[in-house]
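Q: for reference, the sequence and a predicted model appear below.
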Amino acid sequence: MFEMLNNILTFRKISCSAALSLTLASLVFSKSASAESFIVTNPPSTQKVLPDTGDAGPEADVLRIAMARGEFEPVQIVVHSVDKPLQSVRVTANRLLVGSDGSTLPQEQVVVTPLGYVNCTKRSFSSTLLTDRGGQVSDVLLPDRPMSIPTGRRQSYFVTVRTLQSDQAGEYRGSVGISAAGEKTREIPLV
């Protein structure tokens, strides 16, 4: 850290004004501080997220689902490629959902579904999602498979939990893992 600061100060003394050096230092520091190749957000499950523009929800720290017995209920996550393309992106339910009393919901009751995009050639009068030029809108539920996400784009996923009438009521905890080839896996709690 001190070496980086010394280099910045030397650069500043040699050829640049103080304002340019301060800008350069902040860019170097912010790039090294945010070395993640992807981020994960958590918009409402009813929100359509475009692959390259618009709101995609807050950063995901905990995924929460409220449901009753005998229901299917999704939570939406969006994986954003930050500075390079992502290959073999997988979203997985990493373990059983375990209740406070020790009861469990098995992994087969948690399904991950990537969303596919439909090309729209022009904006619908009833939708404000797209500009007049049209674009891609998430709409199609795809089979679970590894996905590629180009630089600067994002991919939506639904993580759907199914409960049975026989499941015990209570709060269950587990996690969802997001991985990509050559990247560190990120774990997000699922409650």
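A: Thanks, I have it.

Q: report the separation between the residue most central in space within the chain and E71.
A: What sits nearest the mean C-alpha location of the chain, by C-alpha atoms, centre = their mean, is V40, with 2.4 Å. Between V40 and E71 the computed distance is 24 Å (C-beta to C-beta, to the nearest Å). For the C-beta atoms, the positions are set from N, CA and C on the backbone; glycine is no exception.

Q: and R162, by the same measure?
A: 7 Å.

Q: list the buried residues for the helix or strand where V75 lies?
A: V75 belongs to strand 72-81 when elements are defined using DSSP states H and E. Within strand 72-81, the residues that count as buried by 16 or more other C-beta atoms under 10 Å are P74, V75, Q76, I77, V78, V79, H80, S81.

Q: the protein: helices as residue ranges?
A: Here the chain has its helices, by DSSP state H, at 2-14, 18-33.

Q: what's the least confident stretch among these?
A: Note on the helices of the chain: helix 18-33 shows the lowest mean pLDDT, a mean of 34.

Q: so where's the chain shaky on pLDDT?
A: Residue ranges of the chain with pLDDT under 70: 1-35, 122-134.

Q: for it, what spans make up the strands?
A: 38-41, 72-81, 86-93, 97-99, 104-105, 110-120, 135-141, 147-149, 154-162, 172-179, 186-190 (DSSP state E).

Q: would you mind listing the buried residues in the longest one?
A: Same thing as strand 110-120. By neighbour count with 16+ other C-beta under 10 Å, strand 110-120 contains the buried residues V110, V111, V112, T113, P114, L115, Y117, C120.

Q: and the contacts of stretch 91-101?
A: Outside stretch 91-101, the residues that touch it by C-beta atoms under 8 Å, 6 or more residues apart in numbering are 77, 79, 104-107, 109-110, 112, 114, 157, 159, 161, 168, 170-179, 187, 190.

Q: what sits against the residue nearest to the centre of the chain?
A: Contacts of V40 (C-beta under 8 Å, 6+ apart): E59, A60, I77, V78, V79, H80, I178, R186, I188.

Q: which pair of those spans the longest distance?
A: Farthest-apart pair in those is H80 and I188; separation 13.8 Å (C-beta to C-beta).

Q: of the contacts of stretch 91-101, select the buried ones using a PyMOL command.
A: PyMOL command restricting these to the buried ones, with burial defined by 16+ other C-beta under 10 Å:
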select buried, resi 77+79+105+109+110+112+114+157+159+161+172+174+175+176+178+179+190
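
Q: Throw the strands of the chain into JSON lines and include distance to V49, thanks.
A: Rendered in JSON lines, the data for those read as follows (distance: least, C-beta to C-beta, whole Å):
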{"stretch": "strand 38-41", "distance to V49": "8"}
{"stretch": "strand 72-81", "distance to V49": "5"}
{"stretch": "strand 86-93", "distance to V49": "14"}
{"stretch": "strand 97-99", "distance to V49": "25"}
{"stretch": "strand 104-105", "distance to V49": "27"}
{"stretch": "strand 110-120", "distance to V49": "8"}
{"stretch": "strand 135-141", "distance to V49": "6"}
{"stretch": "strand 147-149", "distance to V49": "13"}
{"stretch": "strand 154-162", "distance to V49": "5"}
{"stretch": "strand 172-179", "distance to V49": "15"}
{"stretch": "strand 186-190", "distance to V49": "17"}
